[in-house]
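Visitor: only geometry, no sequence info:
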């Protein structure tokens, strides 16, 4: 409804109100005629023609219409304020949308952090298990190292004993060669006198029976093993308390043959030869 329609409506309602008031006064005057004479001066001033009432109603309506139409001057500022308010609300909506987006990002980051923390806890648990396993392995390694040290000591003892036993076995082989020579040359003319050194006697046999030494290939390296006395491999004699088993003699000869293959192989062939 515009301002003109509003003014017209106000005018109509005021006129109706004035007409009703005039009718009420006339009815009151007809009901109480005695009071009209007593107050003739006051009632005559209040009773006005209907045209005058309508005129006043028209003026009132025009004044009211003027009042109603006056705020049109403030419509532009109100529209500007409304436009600004719309922009503010739009910006506020954008800010709220950004806040919601940030909230989603924060929740996603928190979820990712939670997953990473869970993975880290699992890794830490695995590391603790590995550390425990490493500690157990370290304990086992220390025990094994202690056992190895003990075994190494035993091996060293056995090696020294084995080396000494190897010497005993080799001296036994040399003693067998000595006995074979003494049995072969046991005649009066070839027997070694008790006061003659074995090396001197061996040299005399080599000079008087060269074909025998050539037959058994007893050359210089092999004869070097047969010398007795101080400074020779057999200076202490045969230390074997009994006949050693051949299973022990063979490895000792094999080891000695690695160092002096010609001498020991020749000497052992002489010992085992069926010929005297």
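Guide: Looks like it arrived, so ask away. For clarity, every value in this text was computed on a predicted model and none was experimentally measured. Residues are numbered from 1 along each chain as shown.

Visitor: for residue 103, the count of nearby residues, please.
Guide: Using other CB atoms under 10 Å as the criterion, residue 103 is surrounded by 10 other residues. C-betas here are computed from N, CA, C, even on glycine.

Visitor: so where is the stretch 101-250 of the chain shaky, pLDDT-wise?
Guide: Low-confidence regions of the stretch 101-250 of the chain, defined by pLDDT under 70, span residues 157, 159-161, 231, 233-242.

Visitor: residue boundaries of the strands in it?
Guide: Assigned by DSSP state E, counting those that start in this stretch, the strands in the stretch 101-250 of the chain number zero.

Visitor: mind listing the helices for it?
Guide: Ranges of helices within the stretch 101-250 of the chain are 198-208, 210-215, 220-226, 246-259, based on DSSP state H, counting those that start in this stretch.

Visitor: in the last one, what's buried?
Guide: Right, the one you point to is helix 246-259. Going by neighbour count (16 or more other CB atoms under 10 Å), the buried part of helix 246-259 is 249, 252, 253, 256.

Visitor: I'd like to know which elements it is packed against.
Guide: Helices and strands touching helix 246-259, as assessed by 3 or more CB pairs under 8 Å, 6 or more residues apart in numbering; DSSP states H and E, comprise helix 75-184, helix 261-272.

Visitor: just the second one next, same as before
Guide: Applying 3+ CB pairs under 8 Å, 6+ apart, we find helix 210-215 packed against helix 198-208.

Visitor: and the spatially closest residue to residue 213 that is not a sequence neighbour, how many neighbours?
Guide: Leaving aside its chain neighbours, residue 213 sits nearest to residue 206 (5.5 Å; criterion: CB to CB, 6 or more residues apart in numbering). As a burial measure, residue 206 scores 15 neighbours (other CB under 10 Å).

Visitor: and the one 10 residues further on, by the same measure?
Guide: Under the neighbour criterion other CB under 10 Å, residue 216 is assigned a count of 18.

Visitor: grab the nearest non-local neighbour of it.
Guide: Per CB to CB, 6+ apart, closest to residue 216 is residue 270, 4.7 Å.

Visitor: burial count for that neighbour?
Guide: By other CB under 10 Å, neighbour count at residue 270 equals 20.

Visitor: how about residue 266?
Guide: Count around residue 266 with other CB under 10 Å applied: 19.

Visitor: quick one: contacts for the closest residue in space to it that isn't next to it in sequence?
Guide: Nearest residue to residue 266, sequence neighbours excluded (CB to CB, 6+ apart): residue 222, at 4.2 Å. Contacts for residue 222 were tallied using CB atoms under 8 Å, 6 or more residues apart in numbering; they are 262, 263, 266, 267, 270.

Visitor: and of these, the nearest to residue 170?
Guide: residue 267 (9.5 Å; CB to CB).

Visitor: so for that closest one, what's the pLDDT?
Guide: At residue 267, the pLDDT value in this model is 92.

Visitor: check the one 4 residues further on too.
Guide: Here, the pLDDT recorded for residue 271 equals 92.

Visitor: about what we covered before: of the contacts of residue 222, closest to residue 163?
Guide: For the contacts of residue 222, the nearest to residue 163 is residue 263 (18.8 Å; CB to CB).

Visitor: where's the nearest residue to that closest one once chain neighbours are set aside relative to residue 80, distance?
Guide: Spatially, and ignoring its direct neighbours in sequence, residue 263 is nearest to residue 221 (3.8 Å; CB to CB, 6+ apart). Using CB to CB, to the nearest Å, residue 221 is found at 129 Å from residue 80.

Visitor: between the two, which is the more surrounded one?
Guide: residue 221 (15 against 10).

Visitor: my read is that that one contacts residue 266, right?
Guide: Yes. Applying CB atoms under 8 Å, one finds residue 221 in contact with residue 266, separated by 7.2 Å.

Visitor: kindly state the domain boundaries assigned to the protein.
Guide: 3-71, 160-272 (automatic domain parsing).

Visitor: counting neighbours, what do you get for residue 193?
Guide: 8.
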